[in-house]
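Engineer: Sequence and predicted structure below; questions after.
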Amino acid sequence: MALIGTLAEAVAELVRDGDVVALEGFTHLIPVAAGHEIIRQGRRDLTLVRMTPDIVYDQLIGAGCARKLVFSWGGNPGVGSLHRFRDAVEHGWPAPLELEEHSHAGMANRYVAGASGLPFAVLRGYTGTDLSRVTANVKPITCPFTGERLTAVPAVNPDVSVVHAQRADRAGNVQLWGLPGVQKEAVLAAKRSLVTVEEVVDELEPVPGAVVLPSWVVTRVAEVPGGAHPSYAQGYSERDNDHYAAWDAISRDRERFGDWLAGIRGVAP
Amino acid sequence: MALIGTLAEAVAELVRDGDVVALEGFTHLIPVAAGHEIIRQGRRDLTLVRMTPDIVYDQLIGAGCARKLVFSWGGNPGVGSLHRFRDAVEHGWPAPLELEEHSHAGMANRYVAGASGLPFAVLRGYTGTDLSRVTANVKPITCPFTGERLTAVPAVNPDVSVVHAQRADRAGNVQLWGLPGVQKEAVLAAKRSLVTVEEVVDELEPVPGAVVLPSWVVTRVAEVPGGAHPSYAQGYSERDNDHYAAWDAISRDRERFGDWLAGIRGVAP
Amino acid sequence: MMSVAAARALSGGQRVFVGIGLPSTAANLARRTHAPDLVLVYESGALGAKPDRLPASIGDGVLAETADAVVSVPEVFNYWLQPGRIDVGFLGAAQLDRFGNINTTVIGGDYANPGVRLPGAGGAPEIAASCREVFVVVRQGVRSFVDRVDFVTSFGQGRGPGEREALGLPGRGPTLVVTDLGELRPDPVTRELVLTAVHPGVRVDRVRAATGWELVVSPDLVVNPVPTDEELAALRALTGASG
Amino acid sequence: MMSVAAARALSGGQRVFVGIGLPSTAANLARRTHAPDLVLVYESGALGAKPDRLPASIGDGVLAETADAVVSVPEVFNYWLQPGRIDVGFLGAAQLDRFGNINTTVIGGDYANPGVRLPGAGGAPEIAASCREVFVVVRQGVRSFVDRVDFVTSFGQGRGPGEREALGLPGRGPTLVVTDLGELRPDPVTRELVLTAVHPGVRVDRVRAATGWELVVSPDLVVNPVPTDEELAALRALTGASG
């Protein structure tokens, strides 16, 4: 059963140096506050997994938390580049960043395999692309019935998955709605999981389109209102498009980023 | 876009002699009325696919519509045997019935593969059982990353899938809720599809837990209130447990079944 | 007494994969008595169902209405059963053999021309493979308790030690068989089912006579306590409301 | 003019897989003008979204709120894109080559030590493979329109005829490239992109100068009509409301 506590406690207990950590949320419900707490607690050598590394991964990379990034699209959606990510890849600053790169279809299926207790997933994907040349984790597989050639990707099973949701009840059952992304799969694929929620309520009233994660597949729940900002939680907040645009200037400049980082860490810049 | 019309028209147009036909609905939302219409129109040589062939398949088999059955559990749930099914298998009456037999996990994954446009699915299943000995459509497959041995089953892609749902709107978008079974997969795996609904409405109001099948993946919709009886449609009807129990006596006896059949066909026994 | 004995075997917050009939009665009885935190998972897709009456089928409306989450049939098998998230799987059997292998497919004749055609596998093969352990609930008799099943629908211990491990099956297989006469458990060494308990008033001879192989009786054989008033009241409440 | 030209290429009840930015503008413009039955599918899981303003990202709330159905990301790729249910996929490109191959991964250097690191693949490789056809919307210039992309993120025609077929790719690949200068389509025989239309006021010389290979001009080259008042009004309504 999920333990309900503070975000700081949860990160301290669940996220360890060197872990494979997935923060998921496809544009919607991105667990940004949890990412900041990981920065604050100074985790190192993480293998960060995420289909769409955006601002929060730019921040984690810039803060030097990551050793490796496993992903399928790394940009500032609707704005442009992630400059901390580019700086790490192009100039090795603040540290070199190893990449394992997939397509969305491949990453989504890696989570599905992970959630299903299977070592791999099969898809029609990567065909003819250079991705299958540079990514070792993409292999051909033959259909035993038709002989057709398809593509296999290995399961991803993070040490910790972190997602944000609208609500949890006091038993730790989690409810989220709106675009559900790949969050259920990320939690089910992980060894440990943390869900930050907008609020903890007495009873989870049914909501159309809601996904419920039973308490017994969640390790910890932390109440963090606005924990997805600048992304949003349908029914609670709107996407802060200006914040995404403003990140571009901060991210472009190592010094301005350093000031931002000091703010997050709660120390004078 | 789905055409909305009568059940008789829909069956006449979509279900042809010799077709592979799947009627799905896992205890809930079984398209029984559509099965009766297939009997009424005298279809022959069908390969009937269904995870849980129950009363309606007992009826289709007894009526001589089927050449082959592809399934994972054939019984009268909570009551006992399907006697028409047993009579066909044990005594070839009214005609021999070829069987292709799977487990639920295998059948569910065959539909998933069919819905996904893949030729096969991978699962941990059938291991050590005699099912993999008698069913040709079960083969080993090796993980290209770990070398682990798993099981493959081929996709099922029915010529026609038939399901029952609570509602459709006038554009043919379909909405169903409660236990969703394998209906979405059955429709998406099929070349053609028929959805019978409790009612056609102007607007599909969102319902917690609802699955929506967009009109463009449905071939025909027919309004058939009570079309799932004696199974049920959550929010519209209750399961008629007495009817299931009563079927046992009718099904046991070829003559009583003949009377029932004459009634369905609308001719004097 | 079968449902009471099966209910007693469940405990705490175990996740239980439940089929209809006796397993459902036993699991709901346990949830109503000593194990209120039991999580009931039905293969129809109801996770954490809390029915107030016994459902007549695994897909009754009451399951979806009272569940923590309702998922599709592919999802219940792929995301919930297959990865080993379920502690106890409950299975019935038409035939059960001394190594806990289960037959629900065909009896007599051969597969193509069977003497009796049974319903088939359903979810059982993967339940038997993937749950941490399996409880079998079945009436005991020489025709159902056989030396070797006519057809292995669900794999128990094969023909003895090491077979599950060789096949890479993650769960332990059947660890408990509850019958109308008593309880059997696999011997840790031979993996053969031995009699470990009898119900009140049942003599070992009677169990031997209802077993189609040379039944070994555990040196630690116990006699199960009679059902308590609380158990009987809870059972009546469950079945009364459903009848 | 790019969005207007791209919108015009859409018709009837086509199912369109839409990325954010120009593709989304074009698809929404078409739905608001000549193709009201267009079905917009966003990779974030919104099927049949009908936004009244332009979403700023592919995961805006307005998409889920107005969609016929909302599904998970694995489902949108596995059940909706992969089986070939989508008629038109819209893609952007950082680099595009004469055979319609797309690069959104790295430019210059090599993969491990790139000159410029781009965002990567996203959904594009499978969109390019599985949609019946692909429309590419991209600004034209010698640096983006190259003879051969530095990295094949999404496969077009490889190096020419027969390659898609040999790889078993179901869709036709890029059949239309809309730029700020005009339109290119693959030659049916050579599969090379040739100029088939210019926007009003654009001379062919200017297009040639903005192309990094020896551009072939179709003998049937047309000049696109200027945007109509209706198109401009709809475009203003969409972008005005979002700005």
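Structural biologist: It's in.
Engineer: Any part of the longest helix anywhere in chain C near chain B?
Structural biologist: Assignment by DSSP state H gives helix C:229-242 as the longest helix of chain C. No. Helix C:229-242 stays clear of chain B (CB under 8 Å from any CB of the partner chain), getting no nearer than 9.2 Å. Every residue, glycine included, has its C-beta placed from N, CA and C.
Engineer: who touches the closest residue to chain B within chain C in this structure?
Structural biologist: Residue of chain C nearest chain B, by CB to the nearest CB: C:G59 (2.3 Å). C:G59 makes contact with B:26-28, B:77, B:179, B:181, B:231, B:239, C:42, C:44, according to CB atoms under 8 Å, 6 or more residues apart in numbering or on different chains.
Engineer: go again using 10 Å as the cut-off
Structural biologist: Going by CB atoms under 10 Å, 6 or more residues apart in numbering or on different chains, C:G59 touches B:25-30, B:52, B:77, B:178-179, B:181, B:231-232, B:234, B:239, C:20, C:42-46, C:73.
Engineer: same deal with C:P119?
Structural biologist: B:52-54, B:71-77, B:80-82, B:85-86, C:94, C:104-105, C:153.
Engineer: Of the contacts of C:G59, which belong to helices?
Structural biologist: C:V73.
Engineer: Would you mind trimming the contacts of C:G59 to those in range of chain D?
Structural biologist: When CB under 10 Å from any CB of the partner chain is applied, no member of those is adjacent to chain D.
Engineer: about what we covered before: determine the set of other helices and strands touching the longest helix of chain C.
Structural biologist: Packed against helix C:229-242 by the contact rule (3 or more CB pairs under 10 Å, 6 or more residues apart in numbering or on different chains; DSSP states H and E) you find helix C:2-8, helix C:22-32.
Engineer: C:G182 is nearest to which of those?
Structural biologist: helix C:2-8 (8.2 Å; CB to CB).
Engineer: Need the nearest residue in space to the spatially most central residue of chain C, chain neighbours excluded.
Structural biologist: The centre of chain C sits closest to C:V136, judged by CA atoms, centre = their mean, with a distance of 2.7 Å. In this structure, C:V136 finds its nearest non-sequential neighbour in C:V177, 4.5 Å apart by CB to CB, 6 or more residues apart in numbering or on different chains.
Engineer: circling back to that earlier point, return the subset of the contacts of C:G59 lying in strands.
Structural biologist: Residues of those located in strands (DSSP state E): C:42, C:46.
Engineer: Among the contacts of C:P119, which ones are in helices?
Structural biologist: Short answer: those in helices (DSSP H) are B:85-86.
Engineer: Need the buried ones from the contacts of C:P119 selected in ChimeraX.
Structural biologist: Buried subset of those, written as a ChimeraX selection, criterion 16 or more other CB atoms under 10 Å in any protein chain shown:
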select /B:52,53,54,71,72,73,74,75,76,77,81,82,85,86 /C:94,104,105,153
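Engineer: Can you tell me the SS state at the closest residue to chain A within chain C?
Structural biologist: Chain A sits closest to C:P83 of chain C, with a gap of 3.0 Å, by CB to the nearest CB. Of the three states, C:P83 takes coil under DSSP: H, G, I helix; E, B strand; the rest coil.
Engineer: Which pLDDT does the model give it?
Structural biologist: Per-residue pLDDT puts C:P83 at 98.
Engineer: pretty sure it is touching A:A190, no?
Structural biologist: No. Using CB atoms under 10 Å, C:P83 makes no contact with A:A190, being 11.3 Å away.
Engineer: got any residues that touch both of the two?
Structural biologist: In contact with both C:P83 and A:A190: A:114-115, A:157, A:217, using CB under 10 Å, 6+ apart.
Engineer: Just the CA atoms of the longest helix of chain C, as PDB, please.
Structural biologist: Listed next in PDB are the C-alpha coordinates belonging to helix C:229-242 (Å, rounded to 0.1, in the frame of the first residue of the first chain):
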ATOM      1  CA  ASP C 229     -20.500 -18.400  14.300                       C
ATOM      2  CA  GLU C 230     -19.000 -15.300  12.700                       C
ATOM      3  CA  GLU C 231     -17.900 -17.300   9.700                       C
ATOM      4  CA  LEU C 232     -21.300 -18.900   9.300                       C
ATOM      5  CA  ALA C 233     -23.100 -15.600   9.700                       C
ATOM      6  CA  ALA C 234     -20.900 -13.900   7.100                       C
ATOM      7  CA  LEU C 235     -21.500 -16.800   4.700                       C
ATOM      8  CA  ARG C 236     -25.200 -16.600   5.200                       C
ATOM      9  CA  ALA C 237     -25.200 -12.800   4.600                       C
ATOM     10  CA  LEU C 238     -23.200 -13.300   1.300                       C
ATOM     11  CA  THR C 239     -25.200 -16.200  -0.100                       C
ATOM     12  CA  GLY C 240     -28.500 -15.100   1.300                       C
ATOM     13  CA  ALA C 241     -28.300 -11.800  -0.400                       C
ATOM     14  CA  SER C 242     -27.400 -13.400  -3.700                       C
END
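Engineer: Contacts for the helix or strand encompassing C:A166, please.
Structural biologist: For C:A166, the host element (DSSP states H and E) is helix C:163-167. Helix C:163-167 is contacted from outside by B:127-128, B:149, C:99-101, C:128-129, C:155-158, C:169-173, C:191, using CB under 10 Å, 6+ apart.
Engineer: Now with 8 Å, please.
Structural biologist: B:127-128, C:155, C:157-158, C:172-173.
Engineer: I am finished for the moment; much appreciated.
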